[in-house]
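A.B. asks: Okay, here's the prediction I keep looking at, along with the sequence it came from:
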Amino acid sequence: IFTSTHSANVTAGNNYNVIGDFIQGGSAYPQFVTIWMDVNQDGDFNDANEIIYQATTAETAFTAPITIPATAINGSTTMRIRSGWSDGGQVTSPCGYWALGEAEDYEFIVSGGTTTDTTPPVFENSTPSVSSVTPTSFTLVTTIDEAGIIYYVVVADGASAPTSAEVKSGTGSGGAGPIDSGNAAVTAGAFSNNFSLTSLSSETAYDVYVVAEDDHDTPNLQVSPAKIDVTTLAFPAPTITFANINSTYGDANFDLAATSDSGGLITYSIEGANTTGTSLSGTHNETVTLGNAGSILIRATQAANGGFSSGTQDITLTIEKAALTVTADSGLTKVYGASDPPLTFSISGFVNGDDADDLDTPVSISRASGDLVGTYTMTPSGAADTNYTINFVTSEFSITPATLTVTADAGLTKVYGASDPPLTFSI
């Protein structure tokens, strides 16, 4: 490449002619010509608007009309003219080998164009920030002070911080895969964008890194990403309605029926000591088979579902004692002077196939003392059992008079005129 020491002053937006010919050894050779200009002064000719002239035919001399792009950056930049022999076709690359051609660089000093911008955008309005945090999502709010592109990555809490370049490429530190990433171009208005991040885990801390660059041909990327700490919310606990239950020893099996504002599956369990022998059965342990009298703790456990977390609700199941009545048998009697017959009683109220032999303490019965003719109260007592409340009903025991026969003695006589002998009798 031939580099000229000549320079030309040009104005952005104006038109000029570049004139040249191809003479070698006194002979003219037709050549294709292409002219580039480093419009954005980034040291190459690879940007879309940097070909400012390209010949469609090979010529031995040329007058190339060029227009200095209005976006050209003020100051010194390079114009490159490159030619190639006609058999090679149009010149398409500013660099590299081209048969029977040459390249020459000239200096343009541009005025009336744009000023070189080396300042990256700045976040405004207290952004980046987050809003609308839920158990599984949040909104990342961003605003910059000029047109550009905003990038973000989400990584696990405490993960190594990515660089600005890594955030731009959508990776975590060292190229690690992020939990989420994205970008958006902001080209007008307030240069704002709200990113909606979803499918996150509840009650989880995340580190969010955000970086922005402007929209220049050579973008200015922020040196360091901004970091935001975000913790998603917990799902609300379900409201489980499950009230204490009072039952009686011997009651039939029944099903537990907790309700909730969540649709999660509800199962049941007995918590803590179970001294009653009560058991749960069924698909979800919902069926209660009562044991002995006493109390136990039953827990309803609901699985997480939709917008609700898992939850529990405990109740007390109280098994009251059944009522048992011991009644002294009525109609018991004896004749005065006879021995007492056995005192008997009857029991009503047994459940679960129990009988008198199952009582923890057996029934005893006695009557009021006395052997004279009359009535005496018979009182059952003594019986006790963990599963029964025992009531005692008394009855009357009767002593009836004995039968007594007084017989005048037979054979008593006297002689006529004599006095009566003593009149006697036997009992």
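C.D. replies: Structure received.
A.B. asks: So for the closest residue to F123 other than its chain neighbours, what's the pLDDT?
C.D. replies: Leaving aside its chain neighbours, F123 sits nearest to I144 (5.8 Å; criterion: CB to CB, 6 or more residues apart in numbering). For every residue, glycine as well, the C-beta is placed using N, CA and C. Per-residue pLDDT puts I144 at 95.
A.B. asks: Then T136?
C.D. replies: 94.
A.B. asks: Counting neighbours, what do you get for it?
C.D. replies: 16 (other CB atoms under 10 Å).
A.B. asks: likewise M378?
C.D. replies: M378: 22 neighbours (other CB under 10 Å).
A.B. asks: contact partners of the helix or strand encompassing it?
C.D. replies: Per DSSP states H and E: M378 is located in strand 374-381. The set of residues external to strand 374-381 that reach it, using CB atoms under 8 Å, 6 or more residues apart in numbering, is 326-329, 332, 343, 345, 363-370, 392-399.
A.B. asks: what about P421, distance to A408?
C.D. replies: P421 sits 13 Å away from A408, going by CB to CB, to the nearest Å.
A.B. asks: One more: A184?
C.D. replies: 139 Å.
A.B. asks: In terms of neighbours, single out the busier of these two.
C.D. replies: Taking other CB under 10 Å, A184 and A408 do not tie; A184 has more neighbours (15 against 9).
A.B. asks: contacting residues for that one?
C.D. replies: Counted by CB under 8 Å, 6+ apart, A184 has contacts 149-150, 193, 195.
A.B. asks: out of these, which are inside strands?
C.D. replies: 149-150, 193, 195 (DSSP state E).
A.B. asks: could those residues be laid out in CSV, adding pLDDT, distance to T34 and neighbour count?
C.D. replies: CSV is the format used below for the ones in strands among the contacts of A184 (pLDDT from 0 to 100; distance: CB to CB, whole Å; neighbours: other CB atoms under 10 Å):
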residue, pLDDT, distance to T34, neighbour count
I149, 97, 31, 20
I150, 98, 37, 27
N193, 97, 40, 19
F195, 98, 43, 21
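A.B. asks: got TSV for these, with distance to S27 too?
C.D. replies: Shown next, in TSV, are those (distance: CB to CB, whole Å):
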residue	distance to S27
I149	54
I150	59
N193	62
F195	65
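A.B. asks: Nearest to S132 among those residues?
C.D. replies: Each of the ones in strands among the contacts of A184 was scored against S132 by CB to CB, and F195 proved nearest at 11.3 Å.
A.B. asks: Leaving out sequence neighbours, find the closest residue to that closest one.
C.D. replies: The nearest residue in space to F195 (CB to CB, 6+ apart) is L140, at 4.1 Å.
A.B. asks: since we're on that neighbour, how many residues are nearby?
C.D. replies: By the measure other CB under 10 Å, the count of residues near L140 is 24.
A.B. asks: same question, Q41
C.D. replies: Neighbour tally, Q41, other CB under 10 Å: 17.
A.B. asks: what is N305 paired to in the beta sheet?
C.D. replies: Beta-bridge partners recorded for N305 (DSSP bridges): F308.
A.B. asks: who's in contact with it?
C.D. replies: N305 touches 238, 262-265, counting by CB under 8 Å, 6+ apart.
A.B. asks: Could you do V230 as well?
C.D. replies: 130, 133, 138, 205-208.
A.B. asks: From those, list the buried ones, please.
C.D. replies: By neighbour count, with 16 or more other CB atoms under 10 Å, these hold 130, 138, 206-208 as buried.
A.B. asks: which of the residues you listed sit farthest apart?
C.D. replies: F138 and D207 (12.9 Å).
A.B. asks: and the residue nearest to I319 when sequence neighbours are not counted, how many neighbours does it have?
C.D. replies: Closest residue to I319 apart from its sequence neighbours, by CB to CB, 6+ apart: A293 at 4.9 Å. For A293, the count of nearby residues is 21 (other CB under 10 Å).
A.B. asks: T361 now?
C.D. replies: 10.
A.B. asks: ok, now which ones touch the nearest residue to it once chain neighbours are set aside?
C.D. replies: Once flanking residues are discounted, T361 sits nearest to A384: 4.1 Å by CB to CB, 6+ apart. By CB under 8 Å, 6+ apart, the contact set of A384 is 359-361, 390.
A.B. asks: Lovely, talk soon.
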